[in-house]
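# sequence and predicted model, in that order:
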Amino acid sequence: MIVRRWRGAVRPDDAEAYLEHQRATGVREYRSTPGNRGVFVLHRPVGNLVEVVTISLWDSMDAVRLFAGDRPEVAMFYPGDDELLVEKDSFAEHHEVADLDLDPGLLDGHA
């Protein structure tokens, strides 16, 4: 399994709008790509911004390439991102999962 991680930041007043925008674009595209196993969208205040970290789970790097193309390390952006993001990483990180041990039902009620 592969974990893909990307981060950006928005102004606090734009946080909810960006999270909704991300659900409608990137998260929707992740989930519709064969080989995607899920997405976590994390956010927290950092200084005067809200940091947003997206972590997606994939069957393989081939599955990531179905989403991201031949250069999966290059971050994906959507129309409307530039109007909301104050900071954005140009690249995504990929990590191979060495071990995964989650409690059954851990995410029940969290969507």
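Alright, I've got the coordinates.

# could you check how far residue 12 is from residue 72?
Residue 12 sits 31 Å away from residue 72, going by C-beta to C-beta, to the nearest Å. Where you see a C-beta, it was placed from the backbone N, CA and C, and this is true even at glycine.

# neighbour-wise, which of those two wins?
residue 72 (21 against 10; other C-beta atoms under 10 Å).

# and residue 38, what does it touch?
Contact analysis of residue 38 by C-beta atoms under 8 Å, 6 or more residues apart in numbering lists 31, 56-57.

# show me where the protein has strands.
When assigned using DSSP state E, the strands of the chain occupy the ranges 2-10, 36-46, 49-58, 85-88, 93-96.

# just put the ones you listed in TSV and tack on distance to residue 24.
Listed next are the strands of the chain as TSV, based on distance: least, C-beta to C-beta, whole Å:
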stretch	distance to residue 24
strand 2-10	15
strand 36-46	12
strand 49-58	14
strand 85-88	15
strand 93-96	24
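
# which of those sits closest to residue 104?
Smallest distance to residue 104 across those (C-beta to C-beta): 15.0 Å, for strand 36-46.

# next one: the closest one to chain centre, how far?
The chain centre lies 6 Å from the centre of strand 36-46; the measure is C-alpha atoms, centre = their mean, to the nearest Å.

# now that strand: buried residues?
For strand 36-46, burial by neighbour count (16 or more other C-beta atoms under 10 Å) applies to 36, 39, 43.

# for residue 11, give me its contacts.
48-50, 86 are the contacts of residue 11 under C-beta under 8 Å, 6+ apart.

# redo those residues as CSV? Include pLDDT, distance to residue 97 and neighbour count.
Listed next are those as CSV, based on pLDDT from 0 to 100; distance: C-beta to C-beta, whole Å; neighbours: other C-beta atoms under 10 Å:
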residue, pLDDT, distance to residue 97, neighbour count
48, 98, 34, 9
49, 98, 29, 17
50, 98, 27, 21
86, 98, 31, 13
